[in-house]
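Chemist: the following comprises the amino acid sequence and a computationally predicted model.
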Amino acid sequence: MAEERPAEGRRRVHPLVRVFVWLGLLSAVGAFIVIPGLVSSSRASNDRNAWASLRTLVSAQQDFRVNDRDGNGKADFWRADVAGLYALAPSGPGSEIKLIEISIAGADAAPVVSAAAFTMKAPKAGYWYKALSFADEDPARPDPNRFAACAYPTTAAAGRTAFLIDHRGVVYRRRWNGPSDTPLLFPADPRKEGWATAR
């Protein structure tokens, strides 16, 4: 029987090389199918994490108010920032109140009380947190009997939902369309401004 020879000018490719080429192509196709699902799953996980983290602020604020954590003799909420619910030290260094996770304190987008001695400033699971004033109050004289905060994604890849919470413990959500859509104030009527109750 005559030996099969490759056509003139063509080299014969080893069968193992063909297998590796096919495996590479299959891997690339698989990545195009799997990666978008992983990104979507990651965003959903970040959204759930932000919702749950905001809920912990309610417990922390209740503790702050009931136990007069700042020692001012008043039953008031902490309004200055989010980080203060961890790093506020009414009796000086070593007396930090630590009512929230350090990761939430480090994710405060606008801290007044620095948590730098305990953690680096960084988003928590792709979200920043911020204390808010109410739209119907004088920002120079915040109402000590209520509080509000928000959580919003660092990028659209991190999350697609912004969240609000207030002293009543109601969490609201709305699609986040970029930095210009970040909440600046807690609205007088969140539903009228497109916020839905998050469950």
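Modeler: It's in.

Chemist: name the nearest residue to the spatially most central residue of the chain, ignoring sequence neighbours.
Modeler: Note on the chain: the residue nearest the mean C-alpha position is residue 127, at 2.0 Å, using CA atoms, centre = their mean. Closest residue to residue 127 apart from its sequence neighbours, by CB to CB, 6 or more residues apart in numbering: residue 50 at 4.3 Å. For the C-beta atoms, the positions are set from N, CA and C on the backbone; glycine is no exception.

Chemist: return the residues in contact with the one you found.
Modeler: Counting by CB atoms under 8 Å, 6 or more residues apart in numbering, residue 50 touches 124-125, 127, 151, 153, 159, 161, 163.

Chemist: still on that earlier bit, any idea how far the residue nearest to the centre of the chain lies from residue 146?
Modeler: Using CB to CB, to the nearest Å, residue 127 is found at 23 Å from residue 146.

Chemist: give me the neighbour count for the closest residue to residue 171 other than its chain neighbours.
Modeler: Nearest residue to residue 171 in three dimensions, chain neighbours excluded: residue 198, at 4.3 Å (CB to CB, 6+ apart). Residue 198 has 19 neighbours, counted by other CB atoms under 10 Å.

Chemist: my guess is residue 198 meets residue 48, correct?
Modeler: No. Using CB atoms under 8 Å, residue 198 is not in contact with residue 48, being 10.0 Å away.

Chemist: shared neighbours of those two, which are they?
Modeler: Joint contacts of residue 198 and residue 48 (CB under 8 Å, 6+ apart) do not exist.

Chemist: picking up where we left off before, among the contacts of residue 50, who's most crowded?
Modeler: For the contacts of residue 50, neighbours tallied by other CB under 10 Å; top is residue 151, 35 neighbours.
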